[in-house]
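Student: Using only what follows, build the 3D model:
(chains A and B, ligands or ions: 2)
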Amino acid sequence: MISSFKKALESGKFVVTSEVAPPKGTNMEKMPHHIELLKDKVDAMNVTDHQSSVMRFPSLGGALLVKEMGGEPILQMTCRDRNRLALQADLLFAASRGINNVLCLTGDSVILGDHKEAKGVFDLDSSQLLAAIRRLEKGKDLGGNDLDGSVSFCAGAIVTPEADPIEPQLIKFEKKIEAGAEFIQTQAVYDLDNFKQFMEYAKQFPVKILAGIILLTSAPMARFMNKNVAGVNVPQELIDEMASAPKGRALDKGIEIAGRMIKRIRDEEMCDGVHVMAIGREEVVPDILSAAALI
Amino acid sequence: MIRSITRQKSEEEIDHLLDGLGRVFIIGCGTCTTLTRTGGEPEVRAMKERLSGQGRLVTGDMVLPVACDNLTGEALEEYGQQIDQADVLLIMTCAFGVQTIARQLEKMVVPALDTLFIGKENGIGQFDEICTQCGTCVLGETVGICQVTSCNKGLVNGHCGVTNNGKCEIDSEKDCAWTLIYNRLKDLGRLDSMRTLQKPRNHQGEPSPGKFILSA
Ligand code: SF4
Ligand code: SF4
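Tutor: Residues are numbered from 1 along each chain as shown, chains lettered A, B, ... in the order given. Ligands and ions are numbered 1, 2, ... in the order given. From the prediction side, this is the model:
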């Protein structure tokens, strides 16, 4: 079955995805609230997989919830916690429940998270996971054995357009496409002129690109990302603009900036859509979309 | 030369392991743990003082020339009596030494060190882990830098995400293996080998525990 997300990607419309994070525990208040709020406003929702190596409710469970609530999930899968048997098994389960969009990630190191003594698995990496998906679709598992029943996925991966040096990043990007990525979500981009340059290069490949938009919530947050998140570069003008917001209105400013960026990406037809990450402030995603004149 | 790299366990852990064992014989090693200053003469002496200070009886101590050598059995015989008197052997060699000694003697053994890795000395006082003996060597793909060992995730298809100015995401003191590999391949004009989509690794080249018997 072709997923509605895949249809959206192929329709040529400007695609919008967002993210929901499963809870730390079983408290199911926030996530369903976010799903309810977003499901009709975006084309699909990523469900994060133990993001930053912090143990949480599983992405597969979160994706099922999105599905049950009538939304379109993108199952994030990292290679950190499962070997090839477990990854394939989870893909079969996902397919059996109509979860047909997967974002393949290598995953952060275990040491960065909240179970620092755990074993990092990394039996596969993101491109090998993509290749595994394409193989399952051909009716074979990674051991070369036949599968009973078929699966079909819309599979994607990520790229960091602002990586420095950029060349190894682009080599990996091409490998992901070769391995079977149909769509690519980018790490946060803020300098859209740089991003345009990246797109000049990326356009030659048969892959849909969704530009990553991370909501800025304050000037210190922007500075923190510049310092601590490799491959994220918030230009000084944007930091100044955030800092110019009246007290207590920084979030509004961040929403305005995100909306403005999305609008420009769309108006100038830079890429196929955007992936909006509001990191903990999912409730303002509709405001960002309306600031972008998308809803 | 390759060396077994060790770090002394915390005093709390050693005390816990020695709980209820009053008479102790201490064994160090004159090779790797002497070099890393974790189990040479001075460290054995310091351990002896600490344990004596706790009211334990140290029945004797020795520093074996090469604890992992099969001759260790003979060297231990010289101290037979002092070893017999002890409840436990506290061993300040790497784990190869601990196991070699345990095989020779019917005695309780307690390691005082954690064996971290088999390392290469790359400068005075600096030891790096460069091979984890994975059984399916893939160095040919990276012109001699081991991605299995030097990359925290053992990735074979290139960088994990982005590296932090050429350092690994887990520690700004550690080089990112894939940055090193990229630079080297670039210098040699061999970047194409980074473009090859590598298959998942074979983790069972030599299923653990490894065993090798020289055929006649
Ligand atoms: S790939 Fe690395 S760990 Fe494996 S044998 Fe070669 S150097 Fe050693
Ligand atoms: S930063 Fe480099 S060495 Fe560290 S895990 Fe990533 S690719 Fe491997």
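
Student: domain assignment for chain B?
Tutor: B:3-116, B:131-195 (automatic domain parsing).

Student: and ligand 1, which of the ones you listed is closest to it?
Tutor: domain B:131-195 (3.2 Å; Cβ to the nearest ligand atom). Bear in mind the C-beta positions are built from the backbone N, C-alpha and C, glycine included.

Student: Is that closest one in proximity to ligand 1?
Tutor: Yes - counting by Cβ under 6 Å from any ligand atom, contacts between domain B:131-195 and ligand 1 involve B:131-134, B:137-139, B:146, B:148-149.

Student: for ligand 1, what are the nearby residues on chain A?
Tutor: Counting by Cβ under 6 Å from any ligand atom, no residue of chain A is near ligand 1.

Student: where along chain A do the strands fall?
Tutor: Listed in chain order, the strands of chain A (DSSP state E) span A:15-20, A:44-47, A:73-78, A:101-105, A:154-159, A:183-188, A:208-214, A:273-277.

Student: ok, back up a step: how about CSV for the residues of domain B:131-195 next to ligand 1, with pLDDT added?
Tutor: Shown next, in CSV, are those (pLDDT from 0 to 100):
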residue, pLDDT
B:C131, 96
B:T132, 95
B:Q133, 95
B:C134, 95
B:C137, 95
B:V138, 92
B:L139, 94
B:C146, 96
B:V148, 96
B:T149, 96
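
Student: which one of these has the most neighbours?
Tutor: Highest neighbour count within the residues of domain B:131-195 next to ligand 1: B:V148, with 22 neighbours (other Cβ atoms under 10 Å in any protein chain shown).

Student: Contact residues of the stretch 51-200 of chain A facing chain B?
Tutor: Applying Cβ under 8 Å from any Cβ of the partner chain, we find that the stretch 51-200 of chain A lies next to chain B at A:80, A:84, A:106-109, A:111-112, A:120, A:122-128, A:131, A:142, A:158, A:160, A:163-165, A:167-169, A:171-172, A:174-175, A:178-179, A:187.

Student: and with 6 Å instead?
Tutor: Within the stretch 51-200 of chain A, the residues that sit near chain B (Cβ under 6 Å from any Cβ of the partner chain) are A:106, A:109, A:111, A:122, A:124-125, A:127-128, A:160, A:163, A:168, A:171-172, A:175, A:178-179.

Student: re earlier: now the strands of chain A in JSON lines, with distance to B:G73?
Tutor: Below are these laid out as JSON lines (distance: least, Cβ to Cβ, whole Å):
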{"stretch": "strand A:15-20", "distance to B:G73": "62"}
{"stretch": "strand A:44-47", "distance to B:G73": "59"}
{"stretch": "strand A:73-78", "distance to B:G73": "49"}
{"stretch": "strand A:101-105", "distance to B:G73": "52"}
{"stretch": "strand A:154-159", "distance to B:G73": "56"}
{"stretch": "strand A:183-188", "distance to B:G73": "59"}
{"stretch": "strand A:208-214", "distance to B:G73": "63"}
{"stretch": "strand A:273-277", "distance to B:G73": "63"}
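
Student: Chain B: helices as residue ranges?
Tutor: B:11-17, B:32-35, B:41-53, B:72-77, B:80-85, B:95-104, B:147-150, B:177-187, B:192-195 (DSSP state H).

Student: List the contacts of the last one.
Tutor: Surrounding helix B:192-195, the residues in contact under the criterion Cβ atoms under 6 Å, 6 or more residues apart in numbering or on different chains are A:171, B:141, B:158, B:185.

Student: That helix and ligand 2, are they touching?
Tutor: No - for helix B:192-195, no contact with ligand 2 is found by Cβ under 6 Å from any ligand atom; the gap never falls below 12.1 Å.

Student: Could you check how far A:P168 is from ligand 1?
Tutor: 20 Å (Cβ to the nearest ligand atom, to the nearest Å).

Student: got the contact list for that residue?
Tutor: For A:P168, counting by Cβ under 6 Å, 6+ apart, the contacting residues are B:158-159, B:182.

Student: try 7 Å this time
Tutor: Residues in contact with A:P168, defined by Cβ atoms under 7 Å, 6 or more residues apart in numbering or on different chains, are B:158-159, B:178, B:182.

Student: remind me, longest strand of chain B?
Tutor: Max-length strand for chain B by DSSP E is strand B:113-123.

Student: who does that strand touch, helix- and strand-wise?
Tutor: strand B:2-8, strand B:126-129 (3 or more Cβ pairs under 7 Å, 6 or more residues apart in numbering or on different chains; DSSP states H and E).

Student: Return the most buried member of the ones you listed.
Tutor: strand B:2-8 (a mean of 19; mean count of other Cβ atoms under 10 Å in any protein chain shown).

Student: ok now the worst-scoring helix or strand of chain B on mean pLDDT, how far from the chain's centre?
Tutor: In chain B, no helix or strand scores lower on mean pLDDT, DSSP states H and E than helix B:72-77, which sits at a mean of 89. Centroid displacement of helix B:72-77 relative to its chain, using Cα atoms, centre = their mean, to the nearest Å, is 23 Å.

Student: If you count contacts, what does that helix end up packed against?
Tutor: For helix B:72-77, the packing partners by 3+ Cβ pairs under 7 Å, 6+ apart are helix B:95-104.

Student: thinking again about what came up before, and the helices of chain B as TSV, adding distance to B:L116?
Tutor: Below are the helices of chain B laid out as TSV (distance: least, Cβ to Cβ, whole Å):
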stretch	distance to B:L116
helix B:11-17	15
helix B:32-35	11
helix B:41-53	16
helix B:72-77	22
helix B:80-85	27
helix B:95-104	10
helix B:147-150	13
helix B:177-187	18
helix B:192-195	30
